[in-house]
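Trainee: for reference, the sequence and a predicted model appear below.
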Amino acid sequence: MALPSRGPVAAPPRVLTVAGSDSGGGAGIQADLKAMLALGVHGMSVITAVTAQNSLGVQGYWELPAEAVRAQFRSVVDDIGVQAVKTGMLASIELVETVSDLLTGLDAPVVVDPVGVSKHGDALLAAEAVATVRERLLPVATVATPNLHEVAQLTGITVLGQDDMADAARALLDLGPRWVLVKGGHLEGEAADLLYGGPGEEHWFRAARYDNRHTHGTGCTLASAIAAELAKGQDVPGAVAAAKEYVTGAIAAGFALGAGIGPVDHGWRLRGA
């Protein structure tokens, strides 16, 4: 059956992810692009590293040269343009410095997911690069989205409960981002995240915790969803609220894949979950 003629179609908002590739498809660039499609934006990518990864863990990763990262970024931004950028796995000091320089002065919101380790505990950021993330990357972030392990890496603060999250958020904000989203998913009880933008700008986002171990890609997906909502014109609290709702549904619908931890379901809305 012939499709009806629609005429010219306006391009959707454009979002760029700067991150590593996950060969298992649950996290990294693959998760970012799936989330962006599900949320109605056009996803584009700058690949920083290639991982050999499956449901059991990360078997290895290989960084791309800084020149390749820089060329991908300029190719997309200079021709197509972006309404938001999300960063993920950057792996090394050189790549963190390169991406930080590229983002400086960019006229679009930047969501920084300061990826340190994978869901399985595999290191995805060289230990010596943590200081560079702190000093160079966080200051260009509109929103930084660390989990509790990354909070400890960046600030030295160990969050043991929700009462500690505000102190961690203030310490992170002092490092330069406009907003910080401290993710409390690794704590017991409800899944509570704290968005902090300074005095008078404290927002808690709470959701039920689902008894589902298949949560691979949660952090990548949340950061990408925030970037997608910002590209669509939401303010930061509104973008985080919408992204949290989307990710909560994706976690609830996460499915088994392979012999280990399966991914969240980026297309849960399409499947009526």
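Mentor: Perfect, I can see it now.

Trainee: checking my notes, Asp163 in a helix, right?
Mentor: Yes - using DSSP: H, G, I helix; E, B strand; the rest coil, the assignment for Asp163 is a helix.

Trainee: show me what contacts it?
Mentor: By CB atoms under 8 Å, 6 or more residues apart in numbering, the contact set of Asp163 is empty. Where you see a C-beta, it was placed from the backbone N, CA and C, and this is true even at glycine.

Trainee: then Thr48?
Mentor: Neighbouring residues of Thr48 by CB under 8 Å, 6+ apart: 18-20, 63-64, 69, 88-91, 95, 99.

Trainee: any idea which of these is least confident?
Mentor: Confidence by pLDDT is poorest for Ala91 among the contacts of Thr48, given 88.

Trainee: my read: it touches Tyr61, true?
Mentor: Yes - judged on CB atoms under 8 Å, Ala91 makes contact with Tyr61 at a distance of 7.0 Å.

Trainee: next, show the common contact partners of those two.
Mentor: Here Ala91 and Tyr61 have 20, 49, 124 as joint contacts, going by CB under 8 Å, 6+ apart.

Trainee: parallel or antiparallel, list what pairs with the helix or strand hosting the first one.
Mentor: When you say that, I think you mean Gly20. Under DSSP states H and E, the secondary-structure element containing Gly20 is strand 14-22. Strand pairing for strand 14-22, using DSSP bridges, gives strand 42-54 (parallel), strand 84-87 (parallel).

Trainee: so after it, what's the next helix or strand?
Mentor: Next helix or strand after strand 14-22 toward the C-terminus (DSSP H and E): helix 28-38.

Trainee: check the offset of the host helix or strand of Ala227 from the chain's centre.
Mentor: Per DSSP H and E, Ala227 falls inside helix 218-231. The chain centroid and the centroid of helix 218-231 are separated by 6 Å under CA atoms, centre = their mean, to the nearest Å.

Trainee: also stretch 260-267?
Mentor: In terms of CA atoms, centre = their mean, the centre of stretch 260-267 is found 15 Å from the chain centre.

Trainee: list the buried ones in that stretch?
Mentor: Neighbour counts over stretch 260-267 (16 or more other CB atoms under 10 Å) mark 260-266 as buried.

Trainee: now stretch 128-147
Mentor: Buried positions in stretch 128-147, judged by neighbour count with 16+ other CB under 10 Å: 129-130, 132-134, 136-147.

Trainee: for the helix holding Ala227, packing partners?
Mentor: Under the contact criterion of 3 or more CB pairs under 8 Å, 6 or more residues apart in numbering; DSSP states H and E, helix 218-231 touches strand 14-22, helix 28-38, strand 84-87, strand 110-112, strand 179-183, helix 236-252.

Trainee: returning to that earlier point: between the strand holding Gly20 and helix 218-231, how many degrees?
Mentor: 170 degrees (axes from the mean of the first three to the mean of the last three CA atoms, to 10 degrees).

Trainee: strand 14-22 to helix 28-38, inter-axis angle?
Mentor: For strand 14-22 against helix 28-38, the angle by the same axes, to 10 degrees is 140 degrees.

Trainee: pull the CA atoms of strand 14-22 into PDB?
Mentor: Below are the C-alpha coordinates for strand 14-22, written out as PDB (Å, rounded to 0.1, in the frame of the first residue of the first chain):
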ATOM      1  CA  ARG A  14      18.900  17.300  17.700                       C
ATOM      2  CA  VAL A  15      20.900  15.800  20.600                       C
ATOM      3  CA  LEU A  16      24.600  14.700  20.500                       C
ATOM      4  CA  THR A  17      26.000  11.900  22.700                       C
ATOM      5  CA  VAL A  18      29.800  11.800  23.300                       C
ATOM      6  CA  ALA A  19      30.400   8.400  24.800                       C
ATOM      7  CA  GLY A  20      31.700   4.900  24.400                       C
ATOM      8  CA  SER A  21      30.100   2.100  22.400                       C
ATOM      9  CA  ASP A  22      28.600  -0.900  24.200                       C
END
